[in-house]
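S.K.: sequence? don't have it. structure:
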């Protein structure tokens, strides 16, 4: 089913949370976000944290100074080579099979990777994000990379989540969040929506909210 109203088709929304095995798995954060960023200078650190704060505020979620269970629950690493991860103290304790993961990322020529941890109910409780600054990423403005990473940290997206719709667009020479993706984040974090969903009908509810929000925005304009 495709929504007639402006927004995102429900099929597109469903693909954003459909895994390779065909199962639907949606999850949002179940606790305030506490980020920490490694491998950047102070100026870039400010840009990355600012992007996270902006996206969290847009979604209607919260940030905090510390997570009572694990301190910082969003850890973002910037590096030049994947092998650098092997020398990060205690990272192997947090990321299962770190050696094998590094080998896979190198073999694929990947420049980004993220993995999530979930609480007993299935909501996100931690995210580890890695960004290898290859030539392609290094050529992008820091705010573009930071905004993209912030968006991808907010939900447990599928691997092909943005195959149909890119999360960012350009406005007046700067990267901005696409209105339909902004509406999706707001819909996903609406208080009446579940933090975890396994039924594909959840995508229909998200798409309906996105269509309504988009229609209201167009009316205001």
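M.R.: Everything's here; your move. Computed from a predicted model, the values in this text were never measured in an experiment.

S.K.: please identify the helix or strand for residue 211.
M.R.: Residue 211 is part of helix 201-220, with elements assigned from DSSP states H and E.

S.K.: please name every helix or strand in contact with that helix.
M.R.: Applying 3 or more CB pairs under 8 Å, 6 or more residues apart in numbering; DSSP states H and E, one finds that helix 201-220 contacts helix 10-15, helix 179-188. (C-beta placed from N, C-alpha, C; glycine too.)

S.K.: in that helix, what counts as buried?
M.R.: Neighbour-count burial for helix 201-220, with 16 or more other CB atoms under 10 Å as criterion, is recorded at 202-214.

S.K.: want to try a markdown table for the helices and strands packed on helix 201-220, with mean pLDDT, mean neighbour count and distance to residue 98 as columns?
M.R.: Below are these laid out as a markdown table (pLDDT from 0 to 100; neighbours: other CB atoms under 10 Å; distance: least, CB to CB, whole Å):
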| stretch | mean pLDDT | mean neighbour count | distance to residue 98 |
| --- | --- | --- | --- |
| helix 10-15 | 94 | 21 | 30 |
| helix 179-188 | 95 | 22 | 30 |
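
S.K.: in this structure, which strand is the longest?
M.R.: strand 124-132 (DSSP state E).

S.K.: picking up where we left off before, who touches the helix holding residue 211?
M.R.: Residues outside helix 201-220 that contact it (CB atoms under 8 Å, 6 or more residues apart in numbering) are 1, 3, 5-10, 12-14, 16-17, 24, 26, 179-180, 183-184, 186-188, 190, 193-194.
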